[in-house]
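Asks: Sharing a model that was predicted from the sequence below.
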Amino acid sequence: TVQLVESGGGEVQAGGSLRLSCVASGAISSINYLGWFRQAPGEEREKVASISTDGSSTKYDDSVKGRFTISLDNDDKITVSLQMNSLKPEDTAMYYCAGRRWGDQWNYWGQGTQVTVSS
């Protein structure tokens, strides 16, 4: 199986920045994509950004394009980071790291890290 552990959440004022990190361990050779999702209270979980584990492909939700950057670091573990700039109060949510294989659902999830942006 795969374990995903997030870190880096916190509280910041609007316009500020935060960097989230997620370390993937275990059967990481079985993962082809890693992504960041978020869920605000009373809202559906939404995908914010994703990246292929070879780093060749990235995708962003329109709401974060130009503000968030997803990146990958492959050593003996895989670390996927989300640099979040120009944060807005509507970015406030629990952020989750997730992983999946080609053609599969997002089956692997971290425990989440809270991001709060105050106005």
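Replies: Great, that's in hand.

Asks: roughly how far apart are Met84 and Gly55?
Replies: Here the distance between Met84 and Gly55 works out to 19 Å (CB to CB, to the nearest Å). Just so you know, the C-beta spots here come from the backbone N, C-alpha and C atoms, and that holds for glycine as well.

Asks: go on, Ala40?
Replies: The gap separating Ala40 from Gly55 is 29 Å, by CB to CB.

Asks: what pairs with the spatially most central residue of the chain across the strands?
Replies: Nearest residue to the geometric centre of the chain (CA atoms, centre = their mean): Trp36, 2.4 Å. For Trp36, the beta-bridge partners under DSSP bridges are Ala49, Cys97.

Asks: these two touch, right, it and Met94?
Replies: No - in this structure, Trp36 sits apart from Met94 without contact. The criterion is CB atoms under 8 Å, and the distance is 11.1 Å.

Asks: mind listing the strands in this protein by residue range?
Replies: Applying DSSP state E to the chain gives strands spanning 2-7, 10-13, 18-26, 33-39, 46-52, 58-60, 68-74, 78-84, 93-100, 108-109, 113-118.

Asks: Adding mean pLDDT, write these out as a markdown table.
Replies: Compiled in a markdown table, the strands of the chain are given as follows (pLDDT from 0 to 100):
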| stretch | mean pLDDT |
| --- | --- |
| strand 2-7 | 96 |
| strand 10-13 | 98 |
| strand 18-26 | 96 |
| strand 33-39 | 98 |
| strand 46-52 | 97 |
| strand 58-60 | 97 |
| strand 68-74 | 95 |
| strand 78-84 | 96 |
| strand 93-100 | 98 |
| strand 108-109 | 98 |
| strand 113-118 | 98 |
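
Asks: ok so, going back, identify the residues contacting the residue nearest to the centre of the chain.
Replies: Listed by CB atoms under 8 Å, 6 or more residues apart in numbering, the contact set of Trp36 reads 20, 22, 47-50, 70, 80, 82, 95-98.

Asks: The same query, at a cut-off of 6 Å, please.
Replies: Counting by CB atoms under 6 Å, 6 or more residues apart in numbering, Trp36 makes contact with 48-49, 82.
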